[in-house]
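> Output the structure for:
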Amino acid sequence: MRQRLLWKLLIGHIVPVFALISVLVWRGIDHRAEEYYRLLAKTYHVAPTEAHRLFLEAIHRELLWGALAALALTLMLSYLLTRWVLRPLLQITAITRQVADGNYSERVKVASRYEVGQLAEAFNHMAENLEKIESLRKNMVADIAHELRTPLTNLRGYLEGLSDSVINPTRETFQMLEQEVLRLVHLVEDLQQLARADAAKSFLDLQQISLHELLEQIMNLYRPNFQDKEIEVAWGLQEGTDIVTADPDKLLQAIRNLADNAWKYTPKGGKVSISTLRSADGIKTVFANTGAVIAQGDVPFLFERFFRADRSRSRDAGGAGIGLAIVKELIEAHGGAVGADSDEGGTKVWFVLPR
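Residues are numbered from 1 along each chain as shown. Alright, predicted model coming up:
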């Protein structure tokens, strides 16, 4: 590929231009020499035919050798320059094949700040994103398998015990089996919610609604949960942050997921604060809670599907890691953005809706 493109560039652009310039110079010299010797003949009354011929032959010979030398030098310099320009393209071609085979670790060496260098940087950025997506995909498959394996293993064990009369068919046994089935149902429902969130942008019913009322509605719904864990709930609703343009059902789902996360991950006797404020991008809603600090390296992945900072945590303790992914899809469908931060003071998760 390199040789074909290289010689196409050289032969297709340099040789025709160089040949055209040489022909024009050749004809120009012939024309000027003819006028000059005609002037000599008229002025001195001589017939310089032989001198004219010798002069043209000498000029043509020097012009031919000069043109060949210039063409060779031009081809050599153009060859080296074109090879230097094409080197990143060749690397991109080779690495593209590796990416197609599933190897996302290779990167193109950026040797220029100009167009080809910018292409190499863009390619490296794409490869990095693909590597992250592939890693998340593998983690997602592993997480789904983990989430399904535990309840299915329990169901299989108890059903085999019941079938072999090793376990007595008591009410408590059937209640336990029912709980395991409900765990599977909840996981499937979470996946369905995520699928609906992916398509939310095409089915938004935008209205002027009260953000404060939606927040209070969800927090009233979760009040028993917070009271059971003795969690203090604090409010900080800034004036002028009430009315937003959004789909009430989808925004309610996003707020519910944030409230559910705040309840689950706040330790007993902790504190949750809900605040709204005006920002340059719109109206920002923040859920902050006390509790364990999330590693800074994990914070950017909180909104990824099936991501959990503590991978050893069971579904009972922390869910399947879909809640924040649903929030991200729903808020971005409205043209908004999400974010998170965690430090010694606690964890903050927020979303911004455009004005």
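> Domain map for the chain?
2-103, 130-198, 205-353 (automatic domain parsing).
> Can you pull up the most central residue in this structure?
With distances taken as CA atoms, centre = their mean, the residue of the chain nearest its centroid is N129 (5.1 Å).
> Quick check: which of the domains of the chain is nearest to G117?
Comparison of the domains of the chain against G117 by CB to CB identifies domain 2-103 as nearest, at 7.1 Å. Yep, even glycine has a C-beta here, placed from its N, CA and C like the rest.
> For that closest one, the averaged confidence score.
The average of the pLDDT scores along domain 2-103 is 69.
> Ok, stretch 130-144 next?
In the prediction, stretch 130-144 has an average pLDDT of 74.
> With just CA atoms, put that stretch into CSV.
Taking Å, rounded to 0.1, in the frame of the first residue of the first chain, the C-alpha atoms of stretch 130-144 are listed here in CSV:
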residue,chain,number,x,y,z
LEU,A,130,-12.6,1.3,22.5
GLU,A,131,-10.3,-0.3,25.1
LYS,A,132,-12.4,1.2,27.9
ILE,A,133,-15.7,0.0,26.3
GLU,A,134,-14.3,-3.5,25.8
SER,A,135,-13.2,-3.6,29.4
LEU,A,136,-16.6,-2.4,30.5
ARG,A,137,-18.3,-5.0,28.2
LYS,A,138,-16.3,-7.8,29.7
ASN,A,139,-17.0,-6.6,33.2
MET,A,140,-20.7,-6.3,32.3
VAL,A,141,-20.9,-9.9,31.1
ALA,A,142,-19.0,-11.1,34.2
ASP,A,143,-21.4,-9.1,36.5
ILE,A,144,-24.5,-10.4,34.7
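> Identify whichever of the domains of the chain lies nearest to A122.
domain 2-103 (9.8 Å).
> ok, which stretches of this structure are strands?
Applying DSSP state E to the chain gives strands spanning 207-210, 232-237, 243-246, 271-279, 282-289, 337-343, 346-353.
> hey, C-alpha coordinates of the first one in PDB?
Extracted C-alpha coordinates of strand 207-210, given in PDB (Å, rounded to 0.1, in the frame of the first residue of the first chain):
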ATOM      1  CA  GLN A 207     -43.500  19.700  30.000                       C
ATOM      2  CA  GLN A 208     -43.000  22.600  32.400                       C
ATOM      3  CA  ILE A 209     -42.900  20.800  35.800                       C
ATOM      4  CA  SER A 210     -41.800  21.500  39.300                       C
END
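> show me the contacts for W263.
222, 225-226, 229, 231, 272 (CB atoms under 8 Å, 6 or more residues apart in numbering).
> go on, A246?
206-207, 209, 211, 334, 353.
> What pLDDT is listed against it?
A246 is given a pLDDT of 90.
> Also G236?
92.
> okay if I get the contacts of W263 as CSV plus neighbour count, pLDDT and distance to G117?
Converted to CSV, the contacts of W263 look like this (neighbours: other CB atoms under 10 Å; pLDDT from 0 to 100; distance: CB to CB, whole Å):
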residue, neighbour count, pLDDT, distance to G117
Y222, 17, 88, 52
N225, 14, 89, 54
F226, 18, 90, 54
K229, 14, 91, 55
I231, 20, 91, 53
V272, 23, 93, 49
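> Go through the residues you listed and name the one nearest L80.
Using CB to CB, the contacts of W263 come closest to L80 at V272, 65.9 Å.
> For N103, see how far away the closest one is.
45 Å (CB to CB, to the nearest Å).
> out of the strands of the chain, nearest to L73?
Comparing the strands of the chain by CB to CB, strand 337-343 comes nearest, at 56.6 Å.
> What angle do strand 346-353 and the closest one make with each other?
In terms of direction (axes from the mean of the first three to the mean of the last three CA atoms, to 10 degrees), strand 337-343 departs from strand 346-353 by 170 degrees.
> Just checking: what are the partner strands of strand 337-343?
strand 346-353 (antiparallel) (DSSP bridges).
> Please tell me how far the partner strand is from the chain's geometric centre.
21 Å (CA atoms, centre = their mean, to the nearest Å).
> angle of it against strand 282-289?
Using the same axes, to 10 degrees, strand 346-353 lies at 160 degrees relative to strand 282-289.
> So which residues make contact with strand 346-353?
Against strand 346-353 from outside (CB under 8 Å, 6+ apart): 211, 244-246, 251, 254, 258, 261-262, 265, 271, 279, 281-291, 293-294, 302, 324, 327, 331, 334-342.
> Show me the helices in the stretch 201-350 of the chain, by range?
If DSSP state H, counting those that start in this stretch is used as the criterion, the helices of the stretch 201-350 of the chain fall at 211-221, 223-228, 248-265, 315-318, 323-333.
> between those, which gets nearest to N168?
helix 315-318 (25.1 Å).
> give me the low-pLDDT residue ranges for the stretch 101-250 of the chain?
Scanning the stretch 101-250 of the chain for pLDDT under 70 picks out 111-116, 136, 139-140, 143, 146-147, 190, 193-202.
> 80 instead?
Scanning the stretch 101-250 of the chain for pLDDT under 80 picks out 101-102, 104-106, 108-120, 132-151, 154, 179, 183, 186-204.
> Might you report the residue contacts of the residue nearest to the centre of the chain?
N129 touches nothing, counting by CB under 8 Å, 6+ apart.
> Distance check, it against F123.
Following CB to CB, the distance that separates N129 from F123 is 11 Å.
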